[in-house]
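Chemist: Please work out how this folds:
(one chain, ligands or ions: 3)
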Amino acid sequence: MTPVATARALGEKAQRMIDALTAISASPDHLTRLYLTPEHKRAAELVGEWMREAGLSTRLDAAGTMRGSMPPGRAGRSGNKALLIGSHIDTVINAGRYDGNLGVVVGILAVETLKARGVALPFGIDILAFGDEEGVRFPVTLTTSAVTAGVFDPKALDITDDADITLRDALIAFGGDPARLKDEAYQRPSVLGYLEVHIEQGPVLERAQEPLGVVTAIASQSRHRIRIKGEAGHAGTVPMNMRHDALAAAAEIILAIEAIAKKDKKNSLVATVGHVEVTPGASNVIPADVRFSLDVRAANDRARQEAVEAITLVARKVDRTRHVVVGVETMLEKPVATCGVRLQKAIGKAVTTVQGEPARSLMSGAGHDGQSMAHLGEFGMIFVRCRAGISHNPAEFVTIDDMGLAVEALVETILELARQEEQP
Ligand code: GLV
Ligand code: MN
Ligand code: MN
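Modeler: Ligands and ions are numbered 1, 2, ... in the order given. Model (predicted):
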C-alpha cells in the first residue's frame with residue numbers, strides 16, 4: 001500500500017469511529033454528551049473497547065477518564081516513562097462531532113498503526129480519553145485532566161450543576177471515587193510528555209490550504225459567574241422608574257462586555273456570555289434574579305486580566321446606578337500555556353513530512369486539556385484543519401483525508417521522539 005492509501009484507510013476508519021461516538025448522545029436529534037452522564041459512560045466504554053482491540057490495557061479512573069496503557073516495547077533511555085496522548089469525549093450542547101473525539105480516535109489509531117508496523121518503542125504510551133474539557137455541566141473545566149496532572153482543587157467537588165447536583169455526587173453516581181482523585185495523578189518523572197491532536201476550531205489552516213499545523217500555545221482564559229439580585233414586581237403596575245430589574249441590569253453589563261472586548265487593538269481579546277438564567281422567568285414578572293456566565297480569553301494574561309477588571313468596574317457601576325446587587329465570582333483562571341519547544345519541533349518535522357509542505361505554527365484560542373497536562377512536563381499539539389473554521393456547532397467538519405494525515409503525523413511524531421531516545 002502506498003503511504004497515501006494508508007492515510008486514506010486510516011481516515012476512513014477514523015470516520016467510522018467518529019460516527020459511532022456521535023451516536024452516543026443525550027438527544028436523538030443532536031450531539032450532547034456532558035461530563036458524568038450515562039452518555040459519557042457509554043462513550044468511555046466504547047473507547048475502552050477500541051483501546052483493548054489496539055492492544056492496550058484499560059481502566060476507567062476515579063475521575064471518569066478512560067486510560068489505555070501500553071508498556072515500552074524495548075529498553076531505552078527513558079526507562080519506564082510513558083508518553084501520554086489524549087483528548088476529550090465530552091461535548092458542548094448541540095456539538096460538532098470532531099471536537100475532542102477526533103484526538104482520542106487518532107491516538108488509538110496511531111498506536112494500532114505502530115503495532116501493525118511492528119514498531120517497538122523505547123517508552124510506554126498511555127492514551128487518555130478525558131471527560132471534562134468543555135466544562136459545560138459544571139462551571140469549572142478540565143476536571144479530568146487536572147486530576148491526571150495532580151492539580152485538581154478538591155474544593156471544586158462542592159460546585160453544583162443546573163440541577164443542584166454537586167460534582168462529588170455526580171462522580172459517585174457515575175462510579176467514580178472523589179476520595180481517590182489525588183491518587184490518580186501521574187508523577188512528573190514517569191511522564192515523557194503529553195501530545196494531543198485536535199481540530200483547529202478556527203479558519204487559519206483552511207485559508208492557508210494546509211491540512212495540519214503545530215500549536216505554539218493556548219490562550220489565557222478565565223470563567224466567571226455574575227449574579228444580579230433585583231426585585232420581583234408586577235409587570236403591569238410598577239412604574240419604570242421604580243423598578244430594580246435584574247435582567248435589564250444584566251443586559252447593560254453584557255453589552256459593556258462586548259464593547260470592552262471589541263476595543264482590543266490586537267484583536268486577541270474575546271469575551272462571551274453564553275448562559276443566562278432568569279428568575280422567576282415569567283412574562284408578567286419583573287426579573288428578580290439573573291445569573292450569567294462570562295468567558296474571557298486573550299493571547300496574554302495581562303490583556304485578559306485588564307478586561308476582567310474593566311468588566312468588574314462596569315458591574316459595580318450598574319450595581320450603584322440601578323440599585324441592584326451585582327456579584328462577580330471567578331470560577332477558573334488559566335494562564336497562557338506554552339507548548340514545549342522539543343515537542344513543537346518534533347511535531348513540525350512530522351507534519352512537514354506527512355503533508356509535504358512546511359508546517360505552520362499557530363496559537364490556540366480554544367482551551368484544551370494541555371493546560372492541565374503542562375503541569376506534568378512538556379505538552380505539544382497537532383491542529384487539524386476544519387471546514388470554515390466552524391466548531392461548537394453541528395456543522396463542524398473534517399475530511400477523511402485530513403484525519404488520515406493526522407494519524408500519520410502523530411505516528412511520525414512518536415517515531416521522532418523514539419529516534420531522539422537513541423541519540424547520545
Ligand atoms: C473548549 O472548547 C473551550 O475552549 O472552552
Ligand atoms: Mn476540545
Ligand atoms: Mn470544545
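Chemist: Identify the residue spatially nearest to A310, adjacent ones excluded.
Modeler: Residue nearest to A310 in three dimensions, not counting chain neighbours: I260, with 5.0 Å by Cβ to Cβ, 6 or more residues apart in numbering. No exception for glycine: its C-beta is placed from N, CA and C like everyone else's.
Chemist: doesn't that neighbour fall inside a helix?
Modeler: Yes - counting by DSSP: H, G, I helix; E, B strand; the rest coil, I260 is found in a helix.
Chemist: can you pull the contacts of it?
Modeler: Contacts for I260 (Cβ atoms under 8 Å, 6 or more residues apart in numbering) come out as L269, A271, A307, A310, I311, V314.
Chemist: what's the helix or strand for the residue of the chain most remote from its centre?
Modeler: What lies farthest from the middle of the chain is T237; by Cα atoms, centre = their mean that is 47.4 Å. Using DSSP states H and E, T237 sits within no helix or strand.
Chemist: Report the separation between it and ligand 2.
Modeler: 49 Å (Cβ to the ion, to the nearest Å).
Chemist: Quick one, grab the pLDDT at that residue.
Modeler: pLDDT for T237: 98.
Chemist: Get me the contact residues on the stretch 1-150 of the chain for ligand 2.
Modeler: D99, G100 (Cβ under 5 Å from the ion).
Chemist: What ranges does the stretch 1-150 of the chain have for its helices?
Modeler: 3-22, 38-53, 101-116, 143-149 (DSSP state H, counting those that start in this stretch).
Chemist: Columns mean pLDDT on top of those, output as a markdown table?
Modeler: Converted to a markdown table, those look like this (pLDDT from 0 to 100):
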| stretch | mean pLDDT |
| --- | --- |
| helix 3-22 | 88 |
| helix 38-53 | 98 |
| helix 101-116 | 97 |
| helix 143-149 | 98 |
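Chemist: Of the ones you listed, which stretch is the most buried?
Modeler: Of all the helices of the stretch 1-150 of the chain, helix 143-149 carries the top mean neighbour count, a mean of 29, counting by mean count of other Cβ atoms under 10 Å.
Chemist: Show me how far that one is from its chain's centre.
Modeler: Its chain's average C-alpha position is 12 Å from that of helix 143-149, according to Cα atoms, centre = their mean, to the nearest Å.
Chemist: does any bit of that helix sit next to ligand 1?
Modeler: No - residues of helix 143-149 are not located near ligand 1 by Cβ under 6 Å from any ligand atom, the shortest gap being 12.0 Å.
Chemist: what's in contact with that helix?
Modeler: With contacts defined as Cβ under 8 Å, 6+ apart, helix 143-149 is touched by 35, 61-65, 84, 86, 88, 128, 130-133, 135, 152-153, 156, 167, 181, 184-186, 369, 371-376.
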